[in-house]
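Student: Generate a structure from the sequence data that follows.
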Amino acid sequence: MPLIVLHGGPGLDHHEFADYLDPLGDACRLILVDQRSQGRSDVAPVHTWTLERMAQDVVMLARAMDLDRYAVLGHSYGAFVALQSVIDYPGMALATIVSCGLPSMRYLEHLEENLASFEPVWLRQQVMDSWAREATAQTQEDFEAIMRDQWPFQFADPLDPRIERYLERSAGIYAPDVLRHFAQEGYGGIEVEDRLADIEQPVLVLAGRHDRTCVPEASEAMAAAIPGAELLVFERSGHMPFVEEQDSYLAAVRGFLDLVRG
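Tutor: Next comes the predicted model:
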């Protein structure tokens with residue numbers, strides 16, 4: 001089964017996943033996408049840089065590739081896209097995996113609180129400044145510096161020695177214009193909480209217990225509202241469970257796809 005994989009950011013590219021998902025190759029055909037105006041994709045008009053258009057892109061890509069049966073996995077901002085797509089285009093994807101996402105921007109209200117209480121204290125200002133710089137990023141170097149300063153916030157352990165290795169493995173083509181645009185426009189403004197009950201396809205919701213950005217309460221609310229949805233919370237992870245608990249993450253995705261295939 002083809003699995004369309006959507007990266008986060010906005011402004012990252014498929015290298016966000018590095019080779020961490022590669023072992024799933026025995027369970028599915030991985031299609032790692034550079035989303036609209038990001039990575040190696042052509043730059044599209046700015047007025048098309050919307051969550052709704054990127055959700056439509058998922059369906060159009062599947063049609064262009066003649067995919068009759070496919071699943072979608074979106075992580076972080078990619079999870080916003082995946083969730084918007086399954087709601088706007090019911091019956092297209094066979095199944096959807098929402099990894100560390102949100103159904104409503106109201107859950108980002110926790111972000112300021114989590115930034116203010118982030119420890120260790122000596123890293124707090126660095127992380128807070130990195131979020132503020134997203135709205136003014138101009139160059140690849142700006143983007144890379146923001147990510148380097150921000151990644152400790154995205155791991156359960158801010159001093160996790162795997163962070164540096166992850167940075168090396170996931171280096172890609174950054175899109176500072178896309179990051180700046182969405183940082184100034186509320187990161188896409190996902191608001192689908194009142195439509196979750198209409199989802200009919202199988203959905204797996206994945207979350208990190210210590211995610212400071214897309215808090216686990218959001219994933220719990222999603223799973224409770226989507227009929228038949230399955231929820232798995234990784235107890236030792238922040239926003240990056242495919243790195244922090246790779247084996248468990250891969251097992252969850254593989255098991256879900258096996259179940260969907262019947």
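Student: can you list contacts of the helix or strand harbouring residue 85?
Tutor: In the assignment (DSSP states H and E), residue 85 maps to helix 77-88. Helix 77-88 is contacted from outside by 5-10, 35, 51-52, 54-56, 58-59, 72-74, 92-93, 96-103, 182, 187-188, 190, 192, 195-196, 198-199, 201, 203, 214, 222, using C-beta atoms under 8 Å, 6 or more residues apart in numbering. Every residue, glycine included, has its C-beta placed from N, CA and C.
Student: Filter these down to the buried ones, PyMOL style.
Tutor: With 16 or more other C-beta atoms under 10 Å as the criterion, this PyMOL line picks the buried residues out of the contacts of helix 77-88:
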select buried, resi 5+6+7+8+9+10+35+51+54+55+56+58+59+72+73+74+92+93+96+97+98+99+100+101+102+103+182+187+188+190+192+195+196+199+201+203+214+222
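Student: Now intersect the contacts of helix 77-88 with the strands, please.
Tutor: Judged by DSSP state E, the contacts of helix 77-88 include 5-6, 72-74, 96-99, 203 as members of strands.
Student: how close does residue 33 get to residue 88?
Tutor: As judged by C-beta to C-beta, to the nearest Å, residue 33 and residue 88 stand 17 Å apart.
Student: Neighbour count: these two, which is higher?
Tutor: Taking other C-beta atoms under 10 Å, residue 33 and residue 88 do not tie; residue 33 has more neighbours (22 against 16).
Student: show me what contacts that one?
Tutor: Contact partners of residue 33, counting by C-beta under 8 Å, 6+ apart, are 4-7, 14, 61.
Student: Tell me the one of these nearest residue 232?
Tutor: The nearest member of the contacts of residue 33 to residue 232, counting by C-beta to C-beta, is residue 5 at 17.6 Å.
Student: mind checking pLDDT for that closest one?
Tutor: Here, the pLDDT recorded for residue 5 equals 98.
Student: Over to residue 112?
Tutor: pLDDT, residue 112: 89.
Student: I'd like to know which elements whichever strand or helix holds it is packed against.
Tutor: Taking DSSP H and E as the definition, residue 112 sits inside helix 109-116. The contact analysis (3 or more C-beta pairs under 8 Å, 6 or more residues apart in numbering; DSSP states H and E) places helix 109-116 against helix 121-133.
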